[in-house]
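[1] Sequence and predicted structure, then a few things I'm wondering about:
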Amino acid sequence: MGEESGKIPELEQQLSGLRSQVEALSAKTPENKLSMIVFSGDLDKVLAAFVIANGAVAMGMDVVMFFTFWGTPVLRDKGKKAGSKDMMGTMFGAMLPKGTGRVKLSKMNMGGMGTAMMKSLMKKKNVASLDQMLEMAAELGVRIFICEMSMDLMGFTREEMIDYPDLTYCGVAKFLEEAQNSKVQLFI
Amino acid sequence: MGEESGKIPELEQQLSGLRSQVEALSAKTPENKLSMIVFSGDLDKVLAAFVIANGAVAMGMDVVMFFTFWGTPVLRDKGKKAGSKDMMGTMFGAMLPKGTGRVKLSKMNMGGMGTAMMKSLMKKKNVASLDQMLEMAAELGVRIFICEMSMDLMGFTREEMIDYPDLTYCGVAKFLEEAQNSKVQLFI
Amino acid sequence: MGEESGKIPELEQQLSGLRSQVEALSAKTPENKLSMIVFSGDLDKVLAAFVIANGAVAMGMDVVMFFTFWGTPVLRDKGKKAGSKDMMGTMFGAMLPKGTGRVKLSKMNMGGMGTAMMKSLMKKKNVASLDQMLEMAAELGVRIFICEMSMDLMGFTREEMIDYPDLTYCGVAKFLEEAQNSKVQLFI
């Protein structure tokens, strides 16, 4: 029996070792979070991104969307002025869609006819529009990141971007921090 | 020694606490599963999706593919009739590829010539065709989900879809449930 | 007290059971790694892939990029000769971009003008070029895999590929092995 209870310090040590292991493991285990890169600026893909985002929040997941490259102009506010820009910025500004209403299908756009058809179909079938999806995302607490490098490249200014409750201007490192401890990551 | 064995209830309690922690962690740890969204309807991307899916099953992973938007028409059966449709549904039905045989390359399609070239090359190099990949996926037990919202939008009916052993019509929530506990997720 | 210390073997057994559970869990927990499939051969997407890859390494992640399909020709070395090819291989070789310098934007290419504009903008804004990103990736230790099936299909030979410190020619299974124990996976 003396031999038996001599094992107690050993047990304590083993238990404490195991506890450290579990803590290390816990730190490595991803959170119930979805991190999405919205690289595309096509209506169909941006819609898909918001359907996924809003669906995920509804299921209790934390969601962050990182808008970069062609995805960036989608978040411009059509009612806002950009202020003065250099020539390149003015060109990009004019050529890229100004906000959710100007976004086109990646296929079957057919000079805008396909996109218009799809929008009227969505209305008829009670599928939320991109604007409504964005509103829903805001209400549900989807966090939106906008890539500063893309903004800078395309000459977009913060003044021309939408008002959104949880909006952050940042770089890829900030996004990767979120992605690193997310269960699900997607590049759209 | 009395002091020593007085520690036994304490040890038991600590052990039980740690066990709960491990169980909680276990529930959060993803399964050996691959969840894929097949959004694209391009031959090259759908092929890539099936190469990845079949490769993953062969490695012992559980695989689920969620076909949505342009990916949906790929799963139509060219030998089946759709039944009566409204005008929009008839238009989409006519414009989108009817099944694996009609799918085109995303680049270098060149009016169909590039796609034909790629197919002949695949045959020559003993790369399985899309049809063969789909058959393989069925045999290997890849699960296929079809997005009901996309079907509804494009006016596709279940009657015109392929026969596949493990086919589910569902929404994005069902897909996210799978993705949530998957090791790997891809948007293609 | 005899009763108390009789519990010691039981505690030992429970501890050992829990330890096995923790070890099993540890094996299932992904590593701090990013696995990326670079399927696209578009300048914008390949740039994004490298920005993400280099950013992730800088944050201490292990990074592996799997170049497949349209991504493969991006890694050709413009200064190298391919050796003799069959007709198809020669055609693909001529039609696909030869290396990082020939890669085009997915949108707004406008016969090369948009791509040139973007490149000049990147220079002006101090964004690294694709060539510089590749060099950085090499220095930082990003591992690059090239899909052998794509090489074979497009008739590319190893002799025409870039020199890169950590380059592996392999199939999808090798990539999936990496993806399986990665925290983050992306299909670009």
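    Okay, I see it.

[2] where do the strands sit along chain A?
    Counting by DSSP state E, one finds strands in chain A at the ranges A:31-38, A:62-67, A:143-147, A:167-170, A:182-187.

[3] Return the residues in contact with residue A:68.
    A:37-39, A:146-147, A:149-150, A:172, C:48 (Cβ atoms under 8 Å, 6 or more residues apart in numbering or on different chains). For the C-beta atoms, the positions are set from N, CA and C on the backbone; glycine is no exception.

[4] is stretch A:78-87 anywhere near chain C?
    No - judged by Cβ under 8 Å from any Cβ of the partner chain, stretch A:78-87 stays clear of chain C, getting no closer than 9.5 Å.

[5] Below-threshold pLDDT in chain A: ranges please.
    A:1-5 (pLDDT under 70).

[6] in it, which residue is closest to the centre?
    Nearest to the mean C-alpha position of chain A, by Cα atoms, centre = their mean, lies residue A:65 at 0.6 Å.

[7] For the residue nearest to that one when sequence neighbours are not counted, the count of nearby residues, please.
    In space, and not counting its chain neighbours, residue A:65 is closest to residue A:36: 4.9 Å by Cβ to Cβ, 6 or more residues apart in numbering or on different chains. Residue A:36 is flanked by 29 other residues according to other Cβ atoms under 10 Å in any protein chain shown.

[8] Contacts only, for residue A:36.
    Contacts of residue A:36 (Cβ under 8 Å, 6+ apart): A:49, A:52-53, A:63-66, A:185-188.

[9] so which of those residues comes closest to chain B?
    Comparing the contacts of residue A:36 against chain B with Cβ to the nearest Cβ places residue A:186 closest, at 4.3 Å.

[10] and the closest one, bridged to which residues?
    Assessed by DSSP bridges, residue A:186 has beta-bridge partners residue A:36.

[11] residues near it, how many?
    For residue A:186, using other Cβ under 10 Å, the count is 26.

[12] and it, what is it in contact with?
    Neighbour list for residue A:186: A:34-37, A:49, A:52, B:37, B:185-187, C:186 [criterion: Cβ under 8 Å, 6+ apart].

[13] Save those as a markdown table, and put in distance to residue B:25 too.
    Formatted as a markdown table, these follow (distance: Cβ to Cβ, whole Å):
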| residue | distance to residue B:25 |
| --- | --- |
| A:34 | 20 |
| A:35 | 21 |
| A:36 | 25 |
| A:37 | 28 |
| A:49 | 30 |
| A:52 | 26 |
| B:37 | 27 |
| B:185 | 20 |
| B:186 | 25 |
| B:187 | 27 |
| C:186 | 26 |
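
[14] Can you turn the buried part of these into a ChimeraX selection?
    In ChimeraX, a selection of the buried entries from those looks like this (16 or more other Cβ atoms under 10 Å in any protein chain shown):
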select /A:34,35,36,37,49,52 /B:37,185,186,187 /C:186
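
[15] Specify which member of the contacts of residue A:186 is nearest to residue B:154.
    Nearest to residue B:154 among the contacts of residue A:186 is residue B:37, at 16.6 Å by Cβ to Cβ.

[16] wait, the closest one sits on residue B:69?
    No - counting by Cβ atoms under 8 Å, no contact exists between residue B:37 and residue B:69, whose distance comes to 9.3 Å.

[17] what residues are shared contacts of these two?
    residue A:48.

[18] most residues in a single helix of chain A, which one?
    helix A:8-28 (DSSP state H).
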